[in-house]
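Student: Below are the sequence and a predicted model for it; my questions follow.
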Amino acid sequence: MTDTVERQQDRSDAAPLDYSVWEERDRRVIEATLSEDRALAAYALGHLEPGLNSTADFYLADGPAGRGVVMHGHGMGQTTVVFGAAEAIQAIMSIHPGARRSYLSTATPEQLESLRLRFRVTDELPMRRMATTRAAFQPVDGEVRRLSGRDVGRMNILYASDGQPAFYRAETVNQAVYFGVFDGQRLVAVAGSHVVAPNASIAVVGNVFTAADYRGCGLATRTTSAVTEALLTRGCADVVLTVDPTNAPAVRAYERLGYVFGSDVVEARLQRTDFLGIGPALRRRAARRRGRYLQPPGQEIVPRPGSRA
């Protein structure tokens, strides 16, 4: 069903705009929209993978400023991804804001301003997407070992060495792709994957970490190279990661592997300002009174019974 939302004038001082908002379950429709910038949309594309698609809800909106997509994920914690026109994202969030609290894994700086209308945004991390392909990838040599759930204790010790506790589970490691470097029995460097989606032909590298006393030795480059090569071999045409652009050593390491810069992206924590959800519920009800059923492309849009088309 399509909800027709009239966005009244608000803090953005923009003129009222009409948007059609709906929940989309057709992977082809979602993927076609997200493919305008695959690196930026990597997390959302990954959730189209069988097994992950049941852990995410996708909402689309069309209107004068273009199309927008919001993904509310609930597989491993509450996560949010936004993509497309900021006005369209604002229209979606006005009636489908998602969980009371979530982690925003993907937004552009422009989209973030629209989110501030409905959310308290904290812990902002200005980052940059980087991506590589089989043709661009430049592997590096060096001894690494594929990690499994049996190594999760060593991994948690390594990740916790920066002062923050780590609680990775053996199941998570077995389902992902992780490589590490050892000094004897000690794990001193690690890199892994956030998303592996061969059917969407995309993967996301993450959790790259080196022990403080081993930094500057090229171990992050070595482990990231091994993870990237494994992901490309598994059929992921695009391999993506997120980096702090001011972290010059990390940027140099990834560039050496053939990664190139893409879009600016912001990660943050979101907390809804409408805690009880009364506002979105009322807006959904009003929108559905004005709404229409969405027919497949090329077919006539049929007015919702009892509504004014």
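Tutor: It's in. Residues are numbered from 1 along each chain as shown.
Student: can you pull out the helices in the chain?
Tutor: 27-34, 42-46, 86-95, 109-115, 152-159, 170-175, 219-233, 248-256, 278-290 (DSSP state H).
Student: Ranking the ones you listed by mean neighbour count, which comes first?
Tutor: Mean neighbour count, computed with mean count of other C-beta atoms under 10 Å, is highest for helix 42-46 among the helices of the chain, reaching a mean of 28. The C-beta positions use only the backbone N, C-alpha and C, and glycine is treated the same way.
Student: Point out the other helices and strands that that one packs with.
Tutor: On a contact count with 3 or more C-beta pairs under 8 Å, 6 or more residues apart in numbering; DSSP states H and E, helix 42-46 meets helix 27-34, strand 66-73, strand 79-84, strand 101-106, strand 186-197, strand 202-210.
Student: what's in contact with it?
Tutor: Residues lying outside helix 42-46 but in contact with it, judged by C-beta atoms under 8 Å, 6 or more residues apart in numbering, are 30-31, 34-35, 38, 52, 56, 58, 69, 71, 73, 79, 81, 83, 105-106, 129, 131, 194-197, 200, 202-204, 238, 240.
Student: what residues go with each domain of this structure?
Tutor: Domains of the chain are assigned by automatic domain parsing as 2-128+267-290, 137-258.
Student: By mean pLDDT, show me the worst of the ones you listed.
Tutor: Between those, the lowest average pLDDT goes to domain 2-128+267-290, which shows a mean of 85.
Student: Compute the distance between the residue nearest to the spatial centre of the chain and Val152, please.
Tutor: For the chain, Tyr43 is the residue whose C-alpha lies nearest the centre (C-alpha atoms, centre = their mean; 3.2 Å). Relative to Val152, Tyr43 is positioned 23 Å away (criterion: C-beta to C-beta, to the nearest Å).
Student: separation between the residue nearest to the centre of the chain and Glu255?
Tutor: Relative to Glu255, and taking C-beta to C-beta, Tyr43 is found at 22 Å.
Student: try Ala212
Tutor: According to C-beta to C-beta, Ala212 and Glu255 sit 23 Å apart.
Student: contacting residues for Phe137?
Tutor: Per C-beta under 8 Å, 6+ apart, neighbours of Phe137: 228-229, 232, 239, 257-258.
Student: Adding distance to Gly180 as columns, could you present the residues you listed in a markdown table?
Tutor: Shown next, in a markdown table, are the contacts of Phe137 (distance: C-beta to C-beta, whole Å):
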| residue | distance to Gly180 |
| --- | --- |
| Thr228 | 15 |
| Glu229 | 15 |
| Leu232 | 19 |
| Val239 | 18 |
| Leu257 | 17 |
| Gly258 | 22 |
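Student: and which of the residues you listed is nearest to Leu117?
Tutor: Closest to Leu117 out of the contacts of Phe137 is Val239 (34.3 Å), distances taken as C-beta to C-beta.
Student: dump the residue contacts of the closest one.
Tutor: Contact analysis of Val239 by C-beta under 8 Å, 6+ apart lists 131-133, 137, 202-205, 228, 231-232.
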